[in-house]
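Asker: Sequence unavailable; structure follows:
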DNA sequence: GTTCCGATGTACT
DNA sequence: GTACATCGGAACG
């Protein structure tokens, strides 16, 4: 995977990331749920233009944008389209495949299904925090490999937003057991 | 199984 | 002050 992959509209990149392998220091799994955000979107951190927090969103594609949410959790995004500055994809859930023991330890949870089912849980399991904000996802400690198996991807409105609630920019692998929520069913 | 609610930091009005 | 791209535990069925 390279810069060109991310230098496209976020709502195009987001479904393409479903099925990709995502690891931090060798720990992680297959991406099964993502959401797209861009600067024309009132739900996006970039909506009101550049700021200290959202600076990575206005930088080059393929960099991490990591921020704290609700004072307790981290969320991990990858910056997209440089022509539509201020766009990114939030990675919301993984199907754990590597480093299960370590993830379980970090999360304090036994069930594999719970390890990376949500943006905050995923960051905890992979030990992602603000130290990785702005880092390239093509270099250590990240591993990001394009999907090898193509499965059906569905979409729905995004979770946890109060604006842009109807924009169907949440993408997930159809039938996956590892989503942050039970499949709402759309197409 | 479900629903409800508080925690807790920070960006922004 | 208010809102927030969330989560886990308590209470309940």
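Answerer: Cool, got the structure. What you are looking at is a predicted structure, and each value in this text was computed from that prediction instead of being measured.
Asker: For chain A, just list every one of the helices.
Answerer: Using DSSP state H, the helices of chain A run over A:3-6, A:10-17, A:100-107, A:112-115, A:119-126.
Asker: Make CSV from those helices and add distance to residue A:30, mean pLDDT and mean neighbour count to it.
Answerer: No exception for glycine: its C-beta is placed from N, CA and C like everyone else's. Shown next, in CSV, are those (distance: least, Cβ to Cβ, whole Å; pLDDT from 0 to 100; neighbours: other Cβ atoms under 10 Å):
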stretch, distance to residue A:30, mean pLDDT, mean neighbour count
helix A:3-6, 16, 96, 17
helix A:10-17, 10, 97, 22
helix A:100-107, 13, 96, 15
helix A:112-115, 12, 95, 18
helix A:119-126, 12, 97, 24
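Asker: Give me the buried stretch members for stretch A:65-85, please.
Answerer: A:65-67, A:74-82, A:85 (16 or more other Cβ atoms under 10 Å).
Asker: Among the residues you listed, which one lies nearest to residue A:165?
Answerer: residue A:75 (18.2 Å; Cβ to Cβ).
Asker: Was I right to think that closest one contacts residue A:119?
Answerer: Yes. At 4.4 Å, residue A:75 and residue A:119 qualify as touching, with contact defined as Cβ atoms under 8 Å.
Asker: overlap in contacts of these two?
Answerer: Counting by Cβ atoms under 8 Å, 6 or more residues apart in numbering, the shared contacts of residue A:75 and residue A:119 are A:69, A:90.
Asker: Report the two of the buried residues of stretch A:65-85 separated the most.
Answerer: A:74 and A:82 (24.4 Å).
Asker: Among the buried residues of stretch A:65-85, which lie within strands?
Answerer: A:65, A:66, A:67, A:74, A:75, A:76, A:77, A:78, A:79 (DSSP state E).
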